[in-house]
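Chemist: Structure, please.
(4 chains)
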4 protein chains.
Amino acid sequence: MSNEPPPGGVLRRGLSTGRLEALSDGVYAIAITLLVLDIAVPPHAGDHLLRSLAHQWPSYLAYVVSFSTIGAIWLGHNAITEYLERTDAAFVRLNLLLLLVVSFLPFPTRLLAGYISYDSSERVAVTFYGISLLLASTLLMVLWRYAVRAHLVRPDAADEEIQLLTERLTPGLAGYLVLIISGLFLPILAVIGYLAIALYYIIPFRRLSAGFLPRRRKAR
Amino acid sequence: MSNEPPPGGVLRRGLSTGRLEALSDGVYAIAITLLVLDIAVPPHAGDHLLRSLAHQWPSYLAYVVSFSTIGAIWLGHNAITEYLERTDAAFVRLNLLLLLVVSFLPFPTRLLAGYISYDSSERVAVTFYGISLLLASTLLMVLWRYAVRAHLVRPDAADEEIQLLTERLTPGLAGYLVLIISGLFLPILAVIGYLAIALYYIIPFRRLSAGFLPRRRKAR
Amino acid sequence: MSNEPPPGGVLRRGLSTGRLEALSDGVYAIAITLLVLDIAVPPHAGDHLLRSLAHQWPSYLAYVVSFSTIGAIWLGHNAITEYLERTDAAFVRLNLLLLLVVSFLPFPTRLLAGYISYDSSERVAVTFYGISLLLASTLLMVLWRYAVRAHLVRPDAADEEIQLLTERLTPGLAGYLVLIISGLFLPILAVIGYLAIALYYIIPFRRLSAGFLPRRRKAR
Amino acid sequence: MSNEPPPGGVLRRGLSTGRLEALSDGVYAIAITLLVLDIAVPPHAGDHLLRSLAHQWPSYLAYVVSFSTIGAIWLGHNAITEYLERTDAAFVRLNLLLLLVVSFLPFPTRLLAGYISYDSSERVAVTFYGISLLLASTLLMVLWRYAVRAHLVRPDAADEEIQLLTERLTPGLAGYLVLIISGLFLPILAVIGYLAIALYYIIPFRRLSAGFLPRRRKAR
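Modeler: Below you'll find the model as predicted:
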């Protein structure tokens, strides 16, 4: 069966969803894990290692915020590919664009960690960081909207489900815009806000799936 | 068959076990491989390269302990996903939390390698390291207990097997607690202890599976 | 069925296309993500962070060009494996050679980013960069031509499709040669040209697949 | 069918060959790609960039030798998993040990690149490098011999094939021993020898498979 060509074309698996997911998961995993390289071991701390470690709180904060955000984007990406029946070339290209931004995120993270306590530079670093997050979220939403519009979504997906996922992916954008602007005045608040958005993105997917997943009989 | 929606919902593969495993394996592989970046080539060693290399023993020790620990966590994670029938959104989120700690481990490893021979700082580094390992182990156990409680485990898994895996994942926690405290007095001993726990974790899984795996007829 | 040996040999999956794709996707994902490590956080920028960031434009340009090129090579590689029925040992070895060049690309990228504004060195860096890209493209084409010649391609693939893919993979080579030479006189122009080739590679694959993909009935 | 438990045990896929391969491929891909980080961009080369780049030949040599060796180990590992019917816990643990050495290789590579032109240190670096390669090869052979002894190999694999793969994996060990010793007198020669072994490993697998792969009718 799997050796028979699909009618009308030769490509066995459409445009290789498998490799698109493999490349994407690789990029997410690496971007997430590279973040730790930006936490520096305090050099020559002598007797003050504990204090030096505590003094590095911006690095830990940046690590957690970026990890959560990339995790949230991965969850969203995951939800999108769950609904896909096939991909097309434009989808693959948009996905590459999303990966470009995701694999770029370690840089603004490092910038944030390095300049969060430096008065005027802090504003630049936080804004740069926020714009990067906004870009990633926007591309994720564009990816989903494109998939819906190009009829890449599985035909048995109910319209309400598609609508629900669209709604879940949208509010972050407004949130990022508000935080980017408020970050010009209260940088640290904006960072907390970015963490809040990531956690918000992470949490609703539970409810999303809770409504969709078949209630299997509990065998034990 | 694979194109038919499961009854009661649209998600083909539950919440994508495939991508959860792909992301996790990616993070484990990268965390394990990044450890080597922390072993520095001695600069300008001149004629004393051998001595300089020998002098770096804390780096090698930290490499082996962290590699073994991440390997042990991977084995445990592997055993858990073997028993899973499906995942749910909370499981995926807990898994992200575990990955956050796993991908963080290269940092305490570097800290340990850098400060293990510096009297007072040594204690801080070893304690920081121990707490990170404790956190990872705790999250692994929480992940498994959640899977059991949320009925994500395959219905044909015998209760004794589930019980056995739970028991295997538990004792490390007490071990880490004891070692963290004794590490305040004898740091190097604690590090040896962490290695012992990792090896303990790695070894029992053999016995675990030895009892479970079907004894196939040996064809050769 | 899957436990039965294929007639005439024992290897279940031919020479493991799965692992060849897994290794390749891993290398692509890592090469793409390592690029960001080469964008340095400006040290001690004080009040001039924004200016320092803007001053780093060669790093961003190099990042985008290399990301696009690796993305384009990945798309081409993807198209090739789509048409493969099986691999053989020479194909696997050629693929390793391609991966050697792909995983090398972060180095010329760093070189480019570091020397693009330094008069005479700029020429060396841009030429070195161009030759690396040319090498990668050449190997991709060799890989495909070998696959066709060694009858690794699926027998149901139409000759026109194979011809079309061959044509798509070829023009870049001439483009790289022209740009490498013109880069000796106008380095920055060559870099823009490399980006153009990458985008050219990325875009035609849409048309390529548009013609091939079965027009499924649009269910929604 | 795939939802039915195998008789006599609950573990669906034996001890998860899929995740063992995924982790391994991840480690190989990352180890291979990290090598490039050790090629430094010459700082402040001014007008002498070309000369500075040429002066870095030890880095390129080390890159190619290590890449080829890891590639050869990956091919061997690949051949082993091709013949596996299932894994057991000891196999998984041995595999982790092999991965420990593979992911360690970037360190001796860096050492080699850094000290190959420094008289007395060169000997230390080359010997350290050789021992690491020897260790990796030994573990690969141990892995295979264990798989054969523990009856993990597919029952339909002919004895001659198993014998042949054993023979292919063995000679490298003697080669490494000879080269490690001769490297004490002629370091650079030993490095060339290591490259030769890697290429030897890579090439015979073609013949190996040429004999085994079913001769399919050539459809085009």
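Chemist: pLDDT at the residue positioned nearest the centre of chain A, what is it?
Modeler: By C-alpha atoms, centre = their mean, chain A has its centre lying nearest to A:Ile73, at 2.0 Å. On pLDDT, A:Ile73 comes in at 90.
Chemist: Doesn't it belong to a helix?
Modeler: Yes - counting by DSSP: H, G, I helix; E, B strand; the rest coil, A:Ile73 is part of a helix.
Chemist: Quick one: low-confidence residue ranges for chain A.
Modeler: Low-confidence segments of chain A (pLDDT under 70): A:1-16, A:45-46, A:118-119, A:171, A:203-220.
Chemist: Recalculate using a threshold of 80.
Modeler: A:1-18, A:43-47, A:117-120, A:168-172, A:200-220 (pLDDT under 80).
Chemist: What ranges does chain A have for its helices?
Modeler: Shown for chain A, the helices assigned by DSSP state H span residues A:17-34, A:49-55, A:57-83, A:89-104, A:106-115, A:119-149, A:159-169, A:171-182, A:187-202, A:204-212.
Chemist: Turn these into CSV, including distance to chain B.
Modeler: No exception for glycine: its C-beta is placed from N, CA and C like everyone else's. Converted to CSV, the helices of chain A look like this (distance: least, C-beta to the nearest C-beta, whole Å):
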stretch, distance to chain B
helix A:17-34, 3
helix A:49-55, 4
helix A:57-83, 5
helix A:89-104, 13
helix A:106-115, 12
helix A:119-149, 14
helix A:159-169, 6
helix A:171-182, 17
helix A:187-202, 6
helix A:204-212, 4
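Chemist: got a markdown table for these, with distance to D:Leu94 too?
Modeler: Formatted as a markdown table, those follow (distance: least, C-beta to C-beta, whole Å):
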| stretch | distance to D:Leu94 |
| --- | --- |
| helix A:17-34 | 25 |
| helix A:49-55 | 37 |
| helix A:57-83 | 32 |
| helix A:89-104 | 34 |
| helix A:106-115 | 34 |
| helix A:119-149 | 41 |
| helix A:159-169 | 44 |
| helix A:171-182 | 46 |
| helix A:187-202 | 38 |
| helix A:204-212 | 39 |
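Chemist: Pull the contacting residues for the nearest residue to A:Ser103 once chain neighbours are set aside.
Modeler: In this structure, A:Ser103 finds its nearest non-sequential neighbour in C:Thr33, 4.3 Å apart by C-beta to C-beta, 6 or more residues apart in numbering or on different chains. When contacts are counted by C-beta atoms under 8 Å, 6 or more residues apart in numbering or on different chains, C:Thr33 touches A:26-27, A:30-31, A:34, A:103.
Chemist: Specify which member of these is nearest to chain C.
Modeler: A:Gly26 (2.8 Å; C-beta to the nearest C-beta).
Chemist: residues contacting that closest one?
Modeler: Residues in contact with A:Gly26 (C-beta under 8 Å, 6+ apart) are B:26, C:25-26, C:28-30, C:33.
Chemist: So what's the residue count around the closest residue to it other than its chain neighbours?
Modeler: When the adjacent residues along the chain are set aside, A:Gly26 lies closest to C:Ala29, with 2.8 Å between them (C-beta to C-beta, 6+ apart). C:Ala29 sits with 30 neighbouring residues when counted by other C-beta atoms under 10 Å in any protein chain shown.
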